[in-house]
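> Structure of the sequence below:
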Amino acid sequence: MRFVLALAILAFSPTLAMAHTGAGDTMGFLHGFAHPLGGLDHVLAMLAVGILAAVLGGRALWLIPLSFLSVMLLGFALGLLQVELPLVELGIALSSVAIGLAAMTRHPLPLSAAMTLVAVFAVFHGHAHGAEMPATTEGLGYAAGFLSATALLHLAGLAGIIGMVRLTGRHARLVSRIAGGAIALGGVGVLSGWL
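As a prediction, the model looks like this:
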């Protein structure tokens, strides 16, 4: 519980730090923070990353989200530089399906494969953040904002599964698989347009 509280405080610390700087920094942070929360495709994928990390456990609890966040910054830079990346929207939509399915499989992925999986999709999410950043927005604040929102969504997926596992005891694996499947189904809904 202390770990979750510490992560939440850390995630919100850029907001506190920027409260007394220029208005551009604060507005950049707020625009960035809102961006991942503005689309169901982003939200589902971020929750899926946390769920996958919880399913794998151990070092994956921090390595999976960290892999996503660090590679998302690379995608953000590509988007800012207007480097063309094919099928960005499709990559974003497929991310929740693929990561959700990885979380629900009977045989968990090796950690390196799971890190690679989330990193591939992180490029698409980061690219969208960079390409869609408003021209009047301050980049560093914007990046801090979308990183904070993304980390909180990862944490929500992770904490949700850990909480459900503790509540369900011997049915923990089934609950984790159902959660991964629900995220994947949501991703299919986004892809097909019924969500």
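> Pick out the residue closest to the middle of this protein.
Most central in the chain under C-alpha atoms, centre = their mean is Met46, positioned 2.7 Å from the mean C-alpha point.
> And the closest residue to it other than its chain neighbours, how far from Gln82?
Using C-beta to C-beta, 6 or more residues apart in numbering and skipping the chain neighbours, the partner closest in space to Met46 is Leu153 (3.3 Å). Where you see a C-beta, it was placed from the backbone N, CA and C, and this is true even at glycine. In this view, Leu153 and Gln82 are 27 Å apart by C-beta to C-beta, to the nearest Å.
> Kindly report the same for Ala179.
Ala179 sits 37 Å away from Gln82, going by C-beta to C-beta.
> Compare neighbour counts for these two and give me the winner.
Comparing Ala179 with Gln82 by other C-beta atoms under 10 Å, the one with more neighbours is Ala179, at 25 against 8.
> That one is in contact with Ile162, isn't it?
No: counting by C-beta atoms under 8 Å, Ala179 sits too far from Ile162 to count as a contact (11.1 Å).
> Could you pull up phi and psi at Gly57?
Backbone torsions of Gly57, given as degrees, to the nearest 10, read phi 70, psi -170.
> For it, give me the pLDDT.
As predicted, Gly57 sits at a pLDDT of 91.
> contact partners of stretch 65-74?
49-50, 53, 115, 118-119, 121-123, 125-126, 129, 143, 146-147, 150-151, 154-155, 158 (C-beta atoms under 8 Å, 6 or more residues apart in numbering).
> 7 Å instead?
Taking C-beta atoms under 7 Å, 6 or more residues apart in numbering as the criterion, the residues outside stretch 65-74 that touch it are 49-50, 53, 115, 118-119, 122-123, 125-126, 143, 147, 150-151, 154.
> Narrow those to those that are buried.
The neighbour-count criterion (16 or more other C-beta atoms under 10 Å) marks 49-50, 53, 115, 118-119, 122-123, 125-126, 143, 147, 150-151, 154 among the contacts of stretch 65-74 as buried.
> Show me what counts as buried in the lengthiest helix in the chain.
Counting by DSSP state H, the longest helix found in the chain is helix 139-168. For helix 139-168, the neighbour count (16+ other C-beta under 10 Å) marks 141-155, 157-162, 164-165 as buried.
> Can you name the next helix or strand after the lowest-mean-pLDDT helix or strand in the chain?
Lowest on mean pLDDT, DSSP states H and E among the helices and strands of the chain sits helix 2-18, with a mean of 43. Scanning forward in sequence from helix 2-18 by DSSP states H and E, the next helix or strand is helix 23-37.
> Sounds good, over and out.
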